[in-house]
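Student: the amino acid sequence is not available; the structure is as follows:
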């Protein structure tokens, strides 16, 4: 493995093992609790993780008649939902056991894969398999956090996979501020994210209308929030009005940024 592949695989493994340990603490009624991921229960979250890993292992998907769901809006969503729906009659602990088995099989397979093999990543860009594993770590950790919030069991917020989440989604903040929130040239938006992990960054808009990382520039607006709030916003898990964010400066600009924060692929 390359160093990047090794680090991303370790982050992926840590968050799935953390999820499995969490699953071992769940009561029977916890599995059916709704989560902030639209349409999915706690058990559905683990079913989704199982489904993706089985896809990556090359196992064919289930041949089932999928009902219409409001949260399924495209063919990609339908493919994901088929794996989830096939497991709705399955008890939660059995789904967790299936995930544990899939993890071990993937960990045995990953050292045999070329970390530089180019494939399409979830953001629609081509990249090496090592980068794809950063997305797997991010996705698994995001769903772990969905389960933790739904069951009142916070934890693992500063996991290695949290770094993958920031590397991939935090990088989209210049686009959010410039293109989605339509900040004007000369404006600057600062983000103060308290954790751990902590992140303090600012995006300034140049004369060409593009957003760039900035330092030392007086912000037009500042958004202060904790790390979990940032994660929920960036992953589209809550509306801006449901998030605890302290705003200073231009409130209209800050509101537009908050409304545009969801960037999950």
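Tutor: In hand now; what should we look at? Just so you know, these numbers come straight off a predicted model, no measurement behind them.

Student: look at the nearest residue to residue 208 once chain neighbours are set aside and give its secondary structure.
Tutor: Nearest residue to residue 208, sequence neighbours excluded (CB to CB, 6 or more residues apart in numbering): residue 185, at 7.7 Å. (Each C-beta comes from the backbone N, C-alpha and C, glycine too.) What DSSP: H, G, I helix; E, B strand; the rest coil gives for residue 185 is coil.

Student: burial of the residue lying closest to residue 93 once chain neighbours are set aside, as a residue count?
Tutor: Nearest-residue entry for residue 93: residue 23, 7.4 Å, with adjacent residues in sequence omitted and distances by CB to CB, 6+ apart. By other CB atoms under 10 Å, 24 other residues sit near residue 23.

Student: I figured residue 170 hits residue 201, correct?
Tutor: Yes. Counting by CB atoms under 8 Å, residue 201 is a contact partner of residue 170 at 7.3 Å.

Student: for the chain, identify the residue most remote from the centre.
Tutor: No residue in the chain sits farther from the centre than residue 207, which is 32.2 Å out by CA atoms, centre = their mean.

Student: ok, the residue nearest to residue 93 - contacts?
Tutor: Residue 23 makes contact with 46, 92, 93, 96, 99, 147 under the criterion CB atoms under 8 Å, 6 or more residues apart in numbering.

Student: again with residue 57
Tutor: 102, 105, 106, 109.

Student: next one: residue 91
Tutor: residue 31.

Student: from residue 190, how far out is it?
Tutor: 48 Å (CB to CB, to the nearest Å).

Student: next one: residue 264
Tutor: Applying CB to CB to residue 264 and residue 190 gives a distance of 23 Å.

Student: who has more neighbours, the two?
Tutor: residue 190 (20 against 17).

Student: secondary structure element holding the nearest residue to residue 181 once chain neighbours are set aside?
Tutor: Spatial nearest neighbour of residue 181, chain neighbours left out: residue 256 (4.0 Å); criterion: CB to CB, 6+ apart. Assigned by DSSP states H and E, residue 256 belongs to helix 251-259.

Student: give me the buried positions along that helix.
Tutor: For helix 251-259, the neighbour count (16 or more other CB atoms under 10 Å) marks 253, 254, 255, 256, 257, 258 as buried.

Student: could I get those residues as CSV with distance to residue 181 and pLDDT?
Tutor: Converted to CSV, these look like this (distance: CB to CB, whole Å; pLDDT from 0 to 100):
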residue, distance to residue 181, pLDDT
253, 7, 98
254, 9, 97
255, 9, 97
256, 4, 98
257, 4, 98
258, 9, 97
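
Student: any weak-confidence spans in the protein?
Tutor: 265 (pLDDT under 70).

Student: strands along that one, start to end?
Tutor: 118-120, 126-128, 188-194, 199-205, 211-214, 221-226, 246-249 (DSSP state E).
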